[in-house]
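In: Sharing a model that was predicted from the sequence below.
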Amino acid sequence: MAEVKVKPEAPDLMDIESRIIELCHQFPHGITDQVIQNDMPHMEAQQRAVAINRLLSMGQLDLLRSNAGLLYRIKESQNASKMKGSDNQEKLVYQIIEDAGNKGIWSRDIRYKSNLPLTEINKILKNLESKKLIKAVKSVAASKKKVYMLYNLQPDRSVTGGAWYSDQDFESEFVEVLNQQCFKFLQSKVSATTE
């Protein structure tokens with residue numbers, strides 16, 4: 001008599017989603033599709049894709065790019081509430097800006113990373129600015145270019161110029177006064193050592 005192979009019962013979609021979320025909690029920096037596949041080897045690729053897409057559309061996961069490919073990371077609850085009602089393109093642009101940190105990111109780089117048309121990016125940037133989720137900061141390195149960063153971040157000194165700049169203008173008077181004071185200090189030290 002021939003041996004009968006029993007195909008394991010397909011896991012329920014909710015079970016798959018909850019297991020993916022558990023994996024994301026175990027690996028807070030994100031998981032690849034391979035991690036999910038290794039954890040649930042009997043699951044078909046289509047089931048995995050449906051579960052991941054549902055989690056992404058419900059705003060429970062972030063989709064990131066890395067050298068290893070796509071990463072799925074659990075979405076922080078504060079970001080999920082901020083981005084509620086936003087479409088996927090807005091979420092993608094917000095994520096790119098968030099990853100740039102306090103150095104900010106230029107709109108051309110956002111376009112490169114998101115593969116969205118510039119007109120669409122400009123519309124999304126204005127919308128995110130009006131929601132006070134991001135802000136535009138003029139960089140001292142390129143005065144005509146704006147970099148975008150999260151609204152609550154303090155810009156890096158490399159962007160603002162630190163104490164040497166005020167409103168993107170080099171403070172030459174401040175530098176001159178500082179130079180004179182340093183010169184006087186050094187002269188007083190030289191005269192003190194020669195006496």
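Out: Structure received.

In: Check the gap between the most centrally placed residue in the chain and residue 17 for me.
Out: The residue lying closest to the centre of the chain (C-alpha atoms, centre = their mean) is residue 99, at 1.9 Å. Distance from residue 99 to residue 17, counting by C-beta to C-beta, to the nearest Å: 25 Å. Bear in mind the C-beta positions are built from the backbone N, C-alpha and C, glycine included.

In: show me the contacts for the residue nearest to the centre of the chain.
Out: Counting by C-beta atoms under 8 Å, 6 or more residues apart in numbering, residue 99 touches residue 64.

In: Low-confidence bits of the chain, can you list those?
Out: For the chain, applying pLDDT under 70 flags the ranges 1-11, 76-85, 140-143, 157-172, 195.

In: domain assignment for it?
Out: As given by the TED database, the domain ranges for the chain are 13-74, 85-174.

In: got the ones you listed as TSV, with distance to residue 185 columns?
Out: As requested, those are exported to TSV (distance: least, C-beta to C-beta, whole Å):
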stretch	distance to residue 185
domain 13-74	49
domain 85-174	16
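
In: To residue 194, which of these lies closest?
Out: Across those, residue 194 has its closest neighbour in domain 85-174 (30.9 Å, C-beta to C-beta).

In: can you pull out the strands in this protein?
Out: Along the chain, the segments classed as strands by DSSP state E run 61-66, 69-74, 105-106, 134-138, 146-150, 165-166, 169-170.
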